[in-house]
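Q: Structure, please.
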Amino acid sequence: MTTAMGASAWAATASFANDGGVTNWQLGYQDSVTEVMDDITWFNSFTLVIITVITLFVLALLVYVSVKFRASSNPVPSRTSHNTMIEVVWTVVPILILVVIAIPSFRLLYKQLDIPEYQMTVKATGYQWYWGYEYTDEDMGGLFFDSYMVGDATNAERDLAARQEVAEERGVPLAEVPRLLAVDNEMVVPVDTTVRLQVTAADVIHAFAMPSMGLKIDAIPGRLNETWFRARETGVYYGQCSELCGNLHAFMPLAIRVVSVEQYQQWASAAQDDLGDANKQLMASIAAEKDKKLAAKSGGEQTSVAAN
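A: Presented below is the predicted three-dimensional model:
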């Protein structure tokens with residue numbers, strides 16, 4: 001029984017990884033859904049090229065020096081102690097390289113910290129060991145809820161059973177309730193909307209990190225840090241606390257569900273009265289939208305086959 005459940009859990013995780021753009025042994029970041037993450041991905045590739053060129057140059061120089069100036073070829077070693085041109089070059093070139101790296105780096109840092117005109121605000125508070133979300137806009141009626149990880153990290157059978165139960169309630173496959181990442185209440189935001197994210201903590205230092213959105217900001221008790229994001233694609237995106245905050249640090253994941261503006265408005269209105277019911281309505285709306293897209297795609301394929 002345990003073996004079968006473990007195999008099912010592994011298969012579900014593997015399925016989720018493939019669907020979410022995360023695979024074993026992959027290189028690079030998760031798929032970007034924000035402009036900031038686009039820039040982070042570009043800057044990573046840009047610096048990788050520079051580092052690769054420097055590494056290859058140093059390797060070639062080492063090989064050249066080892067061969068040309070080996071003892072058998074130079075029984076009498078050179079007594080040269082200074083070379084003005086070489087000393088100028090190895091001082092100026094690293095400075096120029098750092099300047100080339102610094103310009104896009106400072107631009108990216110400014111873009112992350114300079115919050116543009118925003119349409120809504122969400123406050124995220126880190127606790128030991130879960131997250132709380134507060135929608136602070138006036139039309140949200142002070143909506144606040146906690147977000148706990150789904151499952152039991154200490155027991156494989158209980159973990160799988162808990163995730164299976166949540167999957168059935170939401171009407172989704174188990175792969176969409178990933179181990180150590182799925183939560184009971186997700187942060188819900190509309191697509192193509194600039195969100196100001198305020199982050200703090202109630203006990204110890206945490207960190208809010210969402211890789212696909214390029215978000216990583218400390219949650220510090222007594223301090224309110226701010227950042228922003230604008231997701232251009234609907235879906236659910238996962239992150240984790242990235243600041244060691246205690247023995248359950250690994251079990252306080254983040255989940256942001258990006259939905260259409262219409263779906264968000266319906267959810268926001270219903271959530272102020274009953275969050276659980278609002279989440280059920282939202283999942284039903286998402287499922288209906290998926291079915292509609294599949295039906296349209298199937299109809300298009302049948303039409304194409306008939307035409308051929």
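
Q: Export only the CA atoms of stretch 247-258, formatted as PDB.
A: Extracted C-alpha coordinates of stretch 247-258, given in PDB (Å, rounded to 0.1, in the frame of the first residue of the first chain):
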ATOM      1  CA  ASN A 247      12.300  23.900  11.800                       C
ATOM      2  CA  LEU A 248       9.300  24.100   9.500                       C
ATOM      3  CA  HIS A 249      10.900  26.600   7.100                       C
ATOM      4  CA  ALA A 250      10.600  24.200   4.200                       C
ATOM      5  CA  PHE A 251       6.800  23.900   4.700                       C
ATOM      6  CA  MET A 252       5.500  27.400   4.200                       C
ATOM      7  CA  PRO A 253       5.000  27.600   0.400                       C
ATOM      8  CA  LEU A 254       3.600  30.500  -1.600                       C
ATOM      9  CA  ALA A 255       0.900  30.100  -4.300                       C
ATOM     10  CA  ILE A 256      -0.400  32.900  -6.500                       C
ATOM     11  CA  ARG A 257      -3.300  32.100  -8.800                       C
ATOM     12  CA  VAL A 258      -3.700  34.500 -11.700                       C
END
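
Q: buried stuff in it?
A: Residues of stretch 247-258 classed as buried: His249, Phe251, Met252, Pro253, Leu254, Ala255, Ile256, Arg257, Val258 (neighbour count, 16 or more other Cβ atoms under 10 Å). (Each C-beta comes from the backbone N, C-alpha and C, glycine too.)

Q: Quick check: closest non-adjacent residue to the last one.
A: What it means is Val258. Ala231 (4.4 Å; Cβ to Cβ, 6 or more residues apart in numbering).

Q: circling back: just the ones in strands from the buried residues of stretch 247-258, please.
A: Assigned to strands by DSSP state E, the following of the buried residues of stretch 247-258 qualify: Pro253, Leu254, Ala255, Ile256, Arg257, Val258.

Q: Surely the fifth one is in contact with Val236?
A: Yes: because the distance of 4.6 Å satisfies Cβ atoms under 8 Å, Arg257 is recorded as touching Val236.

Q: For the two, list the residues in contact with both.
A: Shared contacts of Arg257 and Val236 (Cβ atoms under 8 Å, 6 or more residues apart in numbering): Glu186.

Q: Might you list the low-confidence residue ranges for this structure?
A: The model of the chain has pLDDT under 70 over residues 1-24, 299-308.

Q: mind listing the strands for it?
A: So, for the chain - with DSSP E - the strands run 120-127, 130-135, 144-147, 187-190, 195-201, 206-210, 215-219, 225-229, 235-241, 253-259.

Q: Walk me through which strands the second one pairs with, and which way each runs.
A: This points to strand 130-135. strand 120-127 (antiparallel), strand 144-147 (antiparallel) (DSSP bridges).

Q: now it against strand 195-201, angle please.
A: 140 degrees (axes from the mean of the first three to the mean of the last three Cα atoms, to 10 degrees).

Q: Residues contacting strand 130-135, please?
A: Here strand 130-135 has contacts from 120-125, 142-149, 183, 185, 187, 202, 208, 252, 254, 268, using Cβ under 8 Å, 6+ apart.

Q: Can you flag the buried ones in the residues you listed?
A: By 16+ other Cβ under 10 Å, those give 120-125, 143, 145, 147, 149, 183, 185, 187, 208, 252, 254, 268 as buried.

Q: got the ones in strands among the buried residues of stretch 247-258 as a markdown table, with distance to Val92 columns?
A: Listed next are these as a markdown table, based on distance: Cβ to Cβ, whole Å:
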| residue | distance to Val92 |
| --- | --- |
| Pro253 | 47 |
| Leu254 | 45 |
| Ala255 | 49 |
| Ile256 | 46 |
| Arg257 | 51 |
| Val258 | 47 |
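
Q: Having no further points to raise, I will conclude here.
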